[in-house]
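S.K.: The sequence and its predicted three-dimensional model are supplied below.
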Amino acid sequence: MPTESIQTAINTGLKGFTIEKLGSAILVFIVCYIVAKILIKVISKVVNKLPFDRTLTGFINATIKLLIYFVIAIMVSDALGIDPTSLIAILSVVGLAVSLAVQGSLSNVANGLVILVAKPFSVGDFVEIDGVSGTVQEISLNYTKIVTADNKVVYIPNSDISDGKIVNYTAESVRRVDITVTAAYETPVENVRKALKEAVLDIPEFHKEPSPIVYTVNYGESSIAYSVRAWTDTENYWNSYYALMENIAVKFEKYDVEMTYNHIKVHMVDDK
(Lines give C-alpha, C1' and ligand atoms only; values in the text may rest on other atoms or scores of the structure.)
Protein backbone atom coordinates (compact mmCIF):
# COMPACT_ATOMS: atom_id res chain seq x y z
CA MET A 1 0.00 0.00 0.00
CA PRO A 2 1.28 3.55 -0.79
CA THR A 3 0.51 4.76 2.77
CA GLU A 4 2.63 1.99 4.31
CA SER A 5 5.48 2.71 1.88
CA ILE A 6 5.43 6.40 2.80
CA GLN A 7 5.37 5.61 6.54
CA THR A 8 8.32 3.22 6.16
CA ALA A 9 10.29 5.81 4.19
CA ILE A 10 9.61 8.48 6.82
CA ASN A 11 10.68 6.21 9.70
CA THR A 12 13.86 5.23 7.87
CA GLY A 13 14.74 8.78 6.85
CA LEU A 14 14.26 10.33 10.31
CA LYS A 15 16.79 8.03 11.98
CA GLY A 16 19.66 10.45 11.32
CA PHE A 17 17.73 13.60 12.30
CA THR A 18 18.99 15.63 15.30
CA ILE A 19 18.03 19.08 16.66
CA GLU A 20 21.69 20.19 16.40
CA LYS A 21 21.52 19.86 12.63
CA LEU A 22 18.50 22.16 12.36
CA GLY A 23 20.59 25.37 12.41
CA SER A 24 22.91 24.24 9.62
CA ALA A 25 19.90 23.05 7.60
CA ILE A 26 18.28 26.50 7.88
CA LEU A 27 21.53 28.11 6.71
CA VAL A 28 21.72 25.68 3.76
CA PHE A 29 18.10 26.48 2.88
CA ILE A 30 18.67 30.27 2.92
CA VAL A 31 21.80 30.06 0.75
CA CYS A 32 20.20 27.60 -1.68
CA TYR A 33 17.03 29.70 -1.91
CA ILE A 34 18.96 32.87 -2.80
CA VAL A 35 21.07 31.03 -5.39
CA ALA A 36 17.93 29.36 -6.79
CA LYS A 37 16.16 32.70 -7.23
CA ILE A 38 19.11 34.12 -9.18
CA LEU A 39 19.48 30.93 -11.23
CA ILE A 40 15.76 30.78 -12.08
CA LYS A 41 15.79 34.43 -13.18
CA VAL A 42 18.79 33.89 -15.49
CA ILE A 43 17.38 30.67 -16.97
CA SER A 44 13.95 32.26 -17.52
CA LYS A 45 15.52 35.08 -19.54
CA VAL A 46 17.32 32.55 -21.74
CA VAL A 47 14.23 30.34 -22.19
CA ASN A 48 11.96 33.30 -23.00
CA LYS A 49 14.26 34.23 -25.89
CA LEU A 50 13.79 30.82 -27.51
CA PRO A 51 11.52 30.72 -30.61
CA PHE A 52 8.80 28.79 -28.78
CA ASP A 53 5.16 29.44 -27.94
CA ARG A 54 4.56 31.24 -24.63
CA THR A 55 2.74 28.21 -23.26
CA LEU A 56 5.76 26.01 -23.98
CA THR A 57 8.29 28.45 -22.50
CA GLY A 58 6.06 28.76 -19.43
CA PHE A 59 6.03 24.99 -19.05
CA ILE A 60 9.83 24.79 -19.45
CA ASN A 61 10.33 27.51 -16.83
CA ALA A 62 7.94 25.79 -14.41
CA THR A 63 9.69 22.43 -14.90
CA ILE A 64 13.16 23.93 -14.33
CA LYS A 65 11.90 25.74 -11.23
CA LEU A 66 10.43 22.50 -9.89
CA LEU A 67 13.70 20.62 -10.46
CA ILE A 68 15.72 23.34 -8.72
CA TYR A 69 13.41 23.29 -5.70
CA PHE A 70 13.62 19.50 -5.65
CA VAL A 71 17.43 19.70 -5.48
CA ILE A 72 17.12 22.23 -2.63
CA ALA A 73 14.82 19.85 -0.76
CA ILE A 74 17.38 17.05 -1.15
CA MET A 75 20.23 19.28 0.10
CA VAL A 76 18.23 20.54 3.09
CA SER A 77 17.12 17.03 4.05
CA ASP A 78 20.73 15.87 3.86
CA ALA A 79 21.78 18.78 6.11
CA LEU A 80 19.09 17.72 8.59
CA GLY A 81 20.49 14.22 8.64
CA ILE A 82 17.52 12.79 6.80
CA ASP A 83 18.37 10.11 4.26
CA PRO A 84 17.72 11.70 0.82
CA THR A 85 16.76 8.32 -0.63
CA SER A 86 13.80 8.23 1.75
CA LEU A 87 12.61 11.61 0.47
CA ILE A 88 12.96 10.41 -3.10
CA ALA A 89 11.00 7.26 -2.23
CA ILE A 90 8.18 9.33 -0.70
CA LEU A 91 7.99 11.62 -3.73
CA SER A 92 8.05 8.62 -6.08
CA VAL A 93 5.08 7.00 -4.34
CA VAL A 94 3.14 10.28 -4.25
CA GLY A 95 3.99 10.94 -7.90
CA LEU A 96 2.77 7.48 -8.91
CA ALA A 97 -0.51 7.95 -7.06
CA VAL A 98 -1.08 11.37 -8.62
CA SER A 99 -0.22 10.16 -12.14
CA LEU A 100 -2.73 7.30 -11.87
CA ALA A 101 -5.41 9.70 -10.67
CA VAL A 102 -4.91 12.18 -13.52
CA GLN A 103 -4.01 9.84 -16.36
CA GLY A 104 -6.30 11.58 -18.88
CA SER A 105 -5.00 15.04 -18.00
CA LEU A 106 -1.38 13.89 -18.30
CA SER A 107 -2.16 12.51 -21.76
CA ASN A 108 -3.56 15.91 -22.76
CA VAL A 109 -0.48 17.68 -21.37
CA ALA A 110 1.90 15.34 -23.21
CA ASN A 111 0.02 15.86 -26.47
CA GLY A 112 -0.12 19.60 -25.79
CA LEU A 113 3.68 19.66 -25.62
CA VAL A 114 3.87 17.75 -28.92
CA ILE A 115 1.54 20.30 -30.55
CA LEU A 116 3.55 23.24 -29.20
CA VAL A 117 6.85 21.77 -30.42
CA ALA A 118 5.70 20.31 -33.77
CA LYS A 119 3.46 23.34 -34.52
CA PRO A 120 0.91 21.78 -36.92
CA PHE A 121 -0.98 25.04 -36.35
CA SER A 122 -0.54 28.32 -34.46
CA VAL A 123 -2.80 30.86 -32.79
CA GLY A 124 -4.70 32.73 -35.51
CA ASP A 125 -4.72 29.85 -38.02
CA PHE A 126 -8.01 28.70 -39.56
CA VAL A 127 -8.15 24.93 -39.08
CA GLU A 128 -10.43 21.92 -39.16
CA ILE A 129 -9.94 19.57 -36.20
CA ASP A 130 -12.13 16.65 -35.23
CA GLY A 131 -14.87 17.90 -37.56
CA VAL A 132 -14.76 21.44 -36.12
CA SER A 133 -13.69 24.37 -38.31
CA GLY A 134 -12.62 27.71 -36.90
CA THR A 135 -9.82 30.05 -35.87
CA VAL A 136 -7.36 28.89 -33.21
CA GLN A 137 -7.59 31.34 -30.32
CA GLU A 138 -5.53 29.57 -27.66
CA ILE A 139 -3.27 26.52 -27.31
CA SER A 140 -2.88 25.39 -23.71
CA LEU A 141 -1.32 22.23 -22.32
CA ASN A 142 -4.73 20.59 -21.76
CA TYR A 143 -6.86 21.78 -24.65
CA THR A 144 -7.00 23.92 -27.78
CA LYS A 145 -9.58 26.71 -27.99
CA ILE A 146 -11.24 27.30 -31.38
CA VAL A 147 -13.73 30.00 -32.36
CA THR A 148 -16.02 28.93 -35.22
CA ALA A 149 -17.25 31.18 -38.04
CA ASP A 150 -20.57 31.70 -36.20
CA ASN A 151 -18.68 32.74 -33.03
CA LYS A 152 -19.04 29.52 -31.06
CA VAL A 153 -16.16 28.66 -28.72
CA VAL A 154 -15.06 25.01 -28.87
CA TYR A 155 -12.52 23.42 -26.51
CA ILE A 156 -10.86 20.30 -27.95
CA PRO A 157 -8.69 18.06 -25.69
CA ASN A 158 -5.15 17.84 -27.03
CA SER A 159 -5.19 14.03 -26.94
CA ASP A 160 -8.11 14.06 -29.42
CA ILE A 161 -6.20 16.44 -31.68
CA SER A 162 -3.09 14.23 -31.79
CA ASP A 163 -5.18 11.14 -32.54
CA GLY A 164 -7.22 12.82 -35.30
CA LYS A 165 -6.74 14.59 -38.62
CA ILE A 166 -5.71 18.26 -38.70
CA VAL A 167 -6.42 20.46 -41.73
CA ASN A 168 -4.66 23.83 -41.62
CA TYR A 169 -6.19 26.18 -44.19
CA THR A 170 -3.85 29.09 -43.45
CA ALA A 171 -0.51 27.27 -43.29
CA GLU A 172 0.32 28.53 -46.80
CA SER A 173 0.15 32.13 -48.00
CA VAL A 174 -2.00 31.29 -51.05
CA ARG A 175 -5.05 29.07 -51.61
CA ARG A 176 -6.86 27.81 -54.66
CA VAL A 177 -10.55 28.50 -55.20
CA ASP A 178 -12.32 25.57 -56.90
CA ILE A 179 -15.87 26.02 -58.24
CA THR A 180 -17.83 23.56 -60.36
CA VAL A 181 -20.87 24.65 -62.40
CA THR A 182 -23.09 23.04 -65.03
CA ALA A 183 -24.32 24.29 -68.40
CA ALA A 184 -26.79 22.90 -70.91
CA TYR A 185 -25.58 20.76 -73.83
CA GLU A 186 -27.04 23.36 -76.20
CA THR A 187 -24.61 26.03 -74.93
CA PRO A 188 -21.35 26.19 -76.95
CA VAL A 189 -18.38 25.06 -74.87
CA GLU A 190 -16.38 28.12 -75.93
CA ASN A 191 -19.04 30.43 -74.51
CA VAL A 192 -18.86 28.71 -71.14
CA ARG A 193 -15.06 28.89 -71.09
CA LYS A 194 -15.09 32.62 -71.97
CA ALA A 195 -17.68 33.34 -69.29
CA LEU A 196 -15.74 31.53 -66.57
CA LYS A 197 -12.38 33.04 -67.56
CA GLU A 198 -13.79 36.56 -67.59
CA ALA A 199 -15.50 35.95 -64.25
CA VAL A 200 -12.10 35.25 -62.69
CA LEU A 201 -10.11 37.96 -64.47
CA ASP A 202 -12.59 40.66 -63.41
CA ILE A 203 -11.74 40.05 -59.75
CA PRO A 204 -8.40 41.72 -58.82
CA GLU A 205 -7.82 39.48 -55.78
CA PHE A 206 -7.10 36.49 -58.04
CA HIS A 207 -3.50 35.95 -59.13
CA LYS A 208 -2.54 36.19 -62.79
CA GLU A 209 0.18 33.61 -62.18
CA PRO A 210 -0.45 30.76 -62.00
CA SER A 211 -3.19 31.58 -64.49
CA PRO A 212 -6.77 30.44 -63.81
CA ILE A 213 -7.81 27.13 -65.35
CA VAL A 214 -11.18 26.19 -66.85
CA TYR A 215 -11.89 22.65 -67.98
CA THR A 216 -14.66 20.14 -68.58
CA VAL A 217 -15.05 17.62 -65.77
CA ASN A 218 -18.15 15.56 -66.51
CA TYR A 219 -20.92 14.82 -69.00
CA GLY A 220 -24.18 14.39 -67.16
CA GLU A 221 -27.63 13.28 -68.28
CA SER A 222 -28.79 16.80 -69.05
CA SER A 223 -25.73 19.02 -68.61
CA ILE A 224 -21.97 19.38 -68.88
CA ALA A 225 -19.99 20.12 -65.70
CA TYR A 226 -17.21 22.69 -65.86
CA SER A 227 -14.63 23.52 -63.19
CA VAL A 228 -12.76 26.77 -62.68
CA ARG A 229 -9.65 26.99 -60.51
CA ALA A 230 -7.89 30.20 -59.52
CA TRP A 231 -5.33 31.21 -56.89
CA THR A 232 -5.67 33.99 -54.33
CA ASP A 233 -4.04 35.09 -51.09
CA THR A 234 -5.23 33.03 -48.13
CA GLU A 235 -6.51 36.10 -46.32
CA ASN A 236 -8.69 36.96 -49.36
CA TYR A 237 -10.01 33.42 -49.91
CA TRP A 238 -13.64 33.82 -48.86
CA ASN A 239 -14.07 37.29 -50.37
CA SER A 240 -12.66 35.98 -53.65
CA TYR A 241 -14.81 32.85 -53.51
CA TYR A 242 -18.11 34.70 -53.04
CA ALA A 243 -17.18 37.40 -55.56
CA LEU A 244 -16.48 34.71 -58.16
CA MET A 245 -19.77 32.93 -57.43
CA GLU A 246 -21.68 36.16 -58.11
CA ASN A 247 -19.62 37.10 -61.16
CA ILE A 248 -20.16 33.70 -62.80
CA ALA A 249 -23.92 34.34 -62.87
CA VAL A 250 -23.30 37.77 -64.45
CA LYS A 251 -21.00 36.36 -67.15
CA PHE A 252 -23.31 33.42 -67.90
CA GLU A 253 -26.06 35.91 -68.64
CA LYS A 254 -23.70 37.95 -70.84
CA TYR A 255 -22.71 34.92 -72.96
CA ASP A 256 -26.18 33.31 -72.96
CA VAL A 257 -24.99 30.30 -70.99
CA GLU A 258 -27.96 28.30 -69.80
CA MET A 259 -27.47 27.03 -66.25
CA THR A 260 -29.16 23.69 -65.66
CA TYR A 261 -31.27 22.57 -62.73
CA ASN A 262 -33.42 19.58 -61.88
CA HIS A 263 -36.92 19.93 -63.29
CA ILE A 264 -39.81 17.72 -64.32
CA LYS A 265 -41.61 17.91 -67.64
CA VAL A 266 -45.19 16.62 -67.60
CA HIS A 267 -46.77 15.53 -70.89
CA MET A 268 -50.56 15.44 -70.92
CA VAL A 269 -52.07 12.59 -72.91
CA ASP A 270 -55.52 13.09 -74.39
CA ASP A 271 -57.53 9.86 -74.05
CA LYS A 272 -60.01 10.95 -76.70
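M.R.: Right, received. Where do you want to start?

S.K.: what's the spacing between Ser92 and Thr85?
M.R.: Ser92 is 10 Å from Thr85, where distance means Cβ to Cβ, to the nearest Å. (C-beta placed from N, C-alpha, C; glycine too.)

S.K.: Assign Asp150 to helix, strand or coil.
M.R.: coil (DSSP: H, G, I helix; E, B strand; the rest coil).

S.K.: How many residues are close by it?
M.R.: Residues lying near Asp150 (other Cβ atoms under 10 Å) number 6.

S.K.: Check Gly164 too.
M.R.: Gly164 has 12 nearby residues by other Cβ under 10 Å.

S.K.: Check Phe121 too.
M.R.: 22.

S.K.: mean confidence for the helix ranked longest in the chain?
M.R.: When the chain is parsed with DSSP state H, its longest helix is helix 20-48. Within the predicted structure, the mean pLDDT of helix 20-48 is 86.

S.K.: Give me the pLDDT for the spatially most central residue of the chain.
M.R.: By Cα atoms, centre = their mean, the chain has its centre lying nearest to Phe121, at 4.6 Å. Phe121 is assigned 90 on the pLDDT scale.

S.K.: Quick check, it in contact with Ile166.
M.R.: Yes - using Cβ atoms under 8 Å, Phe121 makes contact with Ile166 at a distance of 6.5 Å.

S.K.: List the residues that are in contact with both of the two.
M.R.: Common contacts of Phe121 and Ile166 (Cβ atoms under 8 Å, 6 or more residues apart in numbering): Val127.

S.K.: tell me which residues in stretch 237-246 are buried?
M.R.: 237, 240-241, 243-244 (16 or more other Cβ atoms under 10 Å).

S.K.: Quickly name whichever of those residues is closest to Pro210.
M.R.: For the buried residues of stretch 237-246, the residue nearest Pro210 by Cβ to Cβ is Ser240; the value is 14.7 Å.

S.K.: Done for today, thanks.
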